[in-house]
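Undergrad: Provided below for reference: sequence and predicted model.
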There are 2 protein chains.
Amino acid sequence: MIKLSNFPIKTLKSRPKISDNISTWILLQSWFIRQTMAWVYNYTTLWLKVLRKIENIVREEMDIYWASEILMSWLSPMDVWEKTGRQDIEEYFKVPTYGDKFYRLNPTHEEIVVPLMSEFINSYKDSWACVYQIQTKYRNEKRAKSGLLRGREFLMKDAYSFHLTNDEFEDYYEWMKKVYMKIFDRLGLLQDTYITLADGWVFTDKYSHEFQVVLPIWEDDIYICDKCNTSHNKEVVDLENWFVCTNCWDKNHRIEQASEVWNIFPLETKFSKPFWVKMLDENNHEQDVLMWCYGIGISRLMWVIAEYNMTEKGIDWPKNIAPADYYIIVIGEENLEKANEIGEKLELKWKTVILDDRMSKKIGFWQKAWDCELFWIPNRVVISPKTVELWGFELTLKGEKTELVKF
Amino acid sequence: MIKLSNFPIKTLKSRPKISDNISTWILLQSWFIRQTMAWVYNYTTLWLKVLRKIENIVREEMDIYWASEILMSWLSPMDVWEKTGRQDIEEYFKVPTYGDKFYRLNPTHEEIVVPLMSEFINSYKDSWACVYQIQTKYRNEKRAKSGLLRGREFLMKDAYSFHLTNDEFEDYYEWMKKVYMKIFDRLGLLQDTYITLADGWVFTDKYSHEFQVVLPIWEDDIYICDKCNTSHNKEVVDLENWFVCTNCWDKNHRIEQASEVWNIFPLETKFSKPFWVKMLDENNHEQDVLMWCYGIGISRLMWVIAEYNMTEKGIDWPKNIAPADYYIIVIGEENLEKANEIGEKLELKWKTVILDDRMSKKIGFWQKAWDCELFWIPNRVVISPKTVELWGFELTLKGEKTELVKF
């Protein structure tokens, strides 16, 4: 139980307008985040609770489909980056150590996961294999972007799968799509999420896939076919001519602004070749290992969820990722014990509880009710001299009317 | 349930002797860890399970005493380090960005937590306050050390408390000691843990306190008084003269090798002064805020636990931090369904399970039993044609005799 009397949080009366989007103002107002420097943030306790809940949803769904969670190093030696020709990318940080030496502060982990997994992947019997991690990544970004959307440090779920054949991968990819759709469903984003064809970046001539969430203020334009709902990133649409859907060849479409929260890149043999990672096939022939990578920007996803659920008053978190399930407002020292009891009973039912036991005169009922609303805790309990006189407490479940519950 | 048929792990027949301590060999042999470069490691799934369990024990105990978990940034601007005069410490990484600018890759978080908390700590009503985080830290270490004992990147729990008066701190510190003793108790280290007087480092003329675990191969010598059991780090013992206990003035002592897993530093006003962080006392006078910091090296603690519990065969994990509770060995395809059922039943009882369903001919009973022992999973289930003939499975609970359990 979080007891606010001993909890460092100070909500603000007004919204600090220091970023270009309103959800950031609200997060600053509710003391959920504080900036260390541009695009680099501290997370306070309640925001961290939201983060951990999102992380766990991602983890649970990944584990169901036998992806194994690991945790790779944050630093790596430069020589593995020289092998793949990615030693001089400006957006990747290099960290000087003693002498003329540098380490890489990892922006992504292909160069680390391939040598690691090469020990395991030797024959067709070891295929497929998939590992993932949830870890901070670093980029030396030039482009400023709204809040946590594009940061210099960010939390990623990055998964890497290893396959002998393309067919095997196609099957695996269909699973992964389901995993991702389930994640988006649990996070309340599914109905506005589009699987979008995009450029394969430096990795391949083929298209890559992005999961885009439609949001009015974000970075990408996506073209959604009116007929089959297939979505295309602006970058792969031939803008000089008419839009034609790559799936059904229809020309009618709408354009929406959206934010990418997931991508999949076909890495093919781009990373297995430089590290000489091969698999024996069933005929005992050596084959280059095929690789795919799948990202979810966890901190970006948090931001998208905040923006997506923003209202006039605060952020209307989906129930399963709210900072807590219940907020207990207690008025009058004499009711503290009873309030504590209610909190403990809720915890026995596996509910998480914030007990607002701040008893200073400055923090009365309205301040507490206001904080509860600002944090947008879905369910509220009020215990005060008035309710105790009626032998009970007030309970307001999310979206329902307030009722008096007898002790 | 972890199913080994789809799980990337390859244990080795022998121990790679690439470090100076045997627990590292065992962790490499069991594929729990792999090196990216000197003193920088990847953690595979089973080792990560151990890590998360240790992390959660620390978190649970900290939360009980109202320390609030937050998550601060990994990068910070150099100007906050200039304020405290710590901008040029060689062991602290600087990361070049565009132009002549650098960021700090944080080795510790005083310079970040003080500005963050200054917004909250304004008057005696806000005292005390304590926040902590569990986060990767970075050091540009020169000294090579055994395994994860001293790494270039490591996981730390760092807590910071803020107080108006020394008396208030003394009370808080007594709580913290209890929290730490409870943590060491749950991790099975209590009986060999000593609170040790040590040098105050750069922070203060006073002593600081370390929690040292007695282990034969580690870095510090501690002097334990025979009479009152008070422990002293070698660095604070006047070696030119006789040892005299600072507590009871006795001269009889024994010397043990030990490893530091926790320290507390009295930061006093060293960090609040440069950031002008003040609190109003009850008489409305401004006072410099007093600070203390409390560290636990989580990755170091893992290593200490591994070393502490090392046996001839593997690492005898304390039950509550073993990678899993049960290991199910299944022999014969026809018994897979039954094995799966047993696993699911155990999971319903909140037990974690590894199901060894590898069915290749190369991996027979002995390989499976060997891996189970190497991972040191406390409880073992065997289901094979032999046990099925007797209408049951073999169950070996840790430290108990094998018995046949009927279906």
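TA: Nice, thanks for sending it over. In this text, all values refer to a predicted model and were calculated from it rather than measured experimentally.
Undergrad: distance from the chain centre to stretch A:151-170, please.
TA: Relative to the mean C-alpha coordinate of its chain, stretch A:151-170 is positioned 16 Å out (CA atoms, centre = their mean, to the nearest Å).
Undergrad: ok, A:Asn106 touching A:Arg139?
TA: No: if you go by CB atoms under 8 Å, A:Asn106 and A:Arg139 don't touch, sitting 10.2 Å apart. C-beta here means a position set from N, CA and C on the backbone, and glycine is covered the same way.
Undergrad: and the two? Which one has more around it.
TA: Shown here are A:Asn106 and A:Arg139; by other CB atoms under 10 Å in any protein chain shown, A:Asn106 has more neighbours (23 against 18).
Undergrad: which residues does that one contact?
TA: Counting by CB atoms under 8 Å, 6 or more residues apart in numbering or on different chains, A:Asn106 makes contact with A:Met72, A:Ser73, A:Trp74, A:Leu75, A:Ser76, A:Ile112, A:Lys137, A:Tyr138.
Undergrad: so what's the backbone phi/psi at it?
TA: phi -60, psi 130 (degrees, to the nearest 10).
Undergrad: spell out which parts of the stretch 51-200 of chain A neighbour chain B.
TA: Residues of the stretch 51-200 of chain A found near chain B (CB under 8 Å from any CB of the partner chain) are A:51, A:66, A:68-77, A:93-98, A:103, A:105, A:112, A:116-117, A:119-121, A:125-126, A:129, A:131, A:136, A:138, A:140, A:142, A:152-153.
Undergrad: what do you get if the cut-off is 6 Å, keeping everything else the same?
TA: Residues of the stretch 51-200 of chain A lying close to chain B by CB under 6 Å from any CB of the partner chain are A:66, A:68-77, A:93, A:95, A:97, A:112, A:116, A:120, A:129, A:136, A:140, A:153.
Undergrad: looking at these, which are in helices?
TA: Using DSSP state H, the subset of those located in helices is A:Ile112, A:Leu116.
Undergrad: in the stretch 201-350 of chain A, which residue sits nearest chain B?
TA: A:Ser299 (10.3 Å; CB to the nearest CB).
Undergrad: report the buried members of the residues of the stretch 51-200 of chain A next to chain B.
TA: A:66, A:68-77, A:93, A:95, A:112, A:116, A:120, A:129, A:136, A:140, A:153 (16 or more other CB atoms under 10 Å in any protein chain shown).
Undergrad: about what we covered before: need the contacts of A:Asn106 in a markdown table (columns: distance to B:Glu333 and pLDDT).
TA: Formatted as a markdown table, the contacts of A:Asn106 follow (distance: CB to CB, whole Å; pLDDT from 0 to 100):
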| residue | distance to B:Glu333 | pLDDT |
| --- | --- | --- |
| A:Met72 | 35 | 97 |
| A:Ser73 | 39 | 96 |
| A:Trp74 | 42 | 96 |
| A:Leu75 | 44 | 96 |
| A:Ser76 | 42 | 97 |
| A:Ile112 | 36 | 97 |
| A:Lys137 | 42 | 94 |
| A:Tyr138 | 47 | 94 |
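Undergrad: so which of the residues you listed are in strands?
TA: Using DSSP state E, the subset of the contacts of A:Asn106 located in strands is A:Leu75, A:Ser76, A:Lys137, A:Tyr138.
Undergrad: what residues does the last one make contact with?
TA: Spelled out, that is A:Tyr138. Residues near A:Tyr138 by CB atoms under 6 Å, 6 or more residues apart in numbering or on different chains: A:Phe93, A:Leu105, A:Pro107, A:Glu153.
Undergrad: next one: the third one relative to chain B, how far apart?
TA: From A:Pro107 over to chain B the distance is 12 Å, taken as CB to the nearest CB, to the nearest Å.
Undergrad: mind checking the SS state of that residue?
TA: Following DSSP: H, G, I helix; E, B strand; the rest coil, we place A:Pro107 in the coil state.
Undergrad: and chain A, what are its domains?
TA: What automatic domain parsing lists as the domains of chain A is A:2-9+A:324-406, A:32-308.
Undergrad: which of those comes out lowest on mean pLDDT?
TA: Sorting the domains of chain A by mean pLDDT places domain A:32-308 lowest, at a mean of 89.
Undergrad: how far does it stretch from start to finish?
TA: Start-to-end span of domain A:32-308 (CA to CA, to the nearest Å) is 17 Å.
Undergrad: who touches whichever strand or helix holds A:Glu168?
TA: Element membership for A:Glu168, per DSSP states H and E: helix A:166-186. Helix A:166-186 has contacts (CB under 6 Å, 6+ apart) with A:Ile57, A:Val58, A:Glu61, A:Tyr65, A:Trp128, A:Ser161, A:His163, A:Leu190, A:Thr193.
Undergrad: the fifth one: what's it in contact with?
TA: With CB under 6 Å, 6+ apart as the criterion, the residues that contact A:Trp128 are A:Ser161, A:His163, A:Glu168, A:Tyr172.
Undergrad: go with 10 Å
TA: A:66, A:121, A:161-165, A:168-169, A:171-172, A:290, A:292, B:6 (CB atoms under 10 Å, 6 or more residues apart in numbering or on different chains).
Undergrad: now the buried members of the residues you listed.
TA: For the contacts of A:Trp128, a neighbour count by 16+ other CB under 10 Å gives the buried set as A:Trp66, A:Ile121, A:Ser161, A:Phe162, A:His163, A:Leu164, A:Glu168, A:Phe169, A:Tyr172, A:Leu290, A:Trp292.
Undergrad: most widely separated two among the residues you listed?
TA: Across the buried ones among the contacts of A:Trp128, the longest distance by CB to CB is 18.0 Å; it joins A:Trp66 and A:Leu290.
Undergrad: what's the spacing between the residue nearest the centre of chain A and A:Leu348?
TA: Centroid check for chain A by CA atoms, centre = their mean gives A:Ile298 as the closest residue, at 2.3 Å. Going from A:Ile298 to A:Leu348 by CB to CB, to the nearest Å gives 30 Å.
Undergrad: can you check A:Pro8 too?
TA: Distance, A:Pro8 to A:Leu348, using CB to CB: 27 Å.
Undergrad: same deal with A:Lys53?
TA: The gap separating A:Lys53 from A:Leu348 is 20 Å, by CB to CB.
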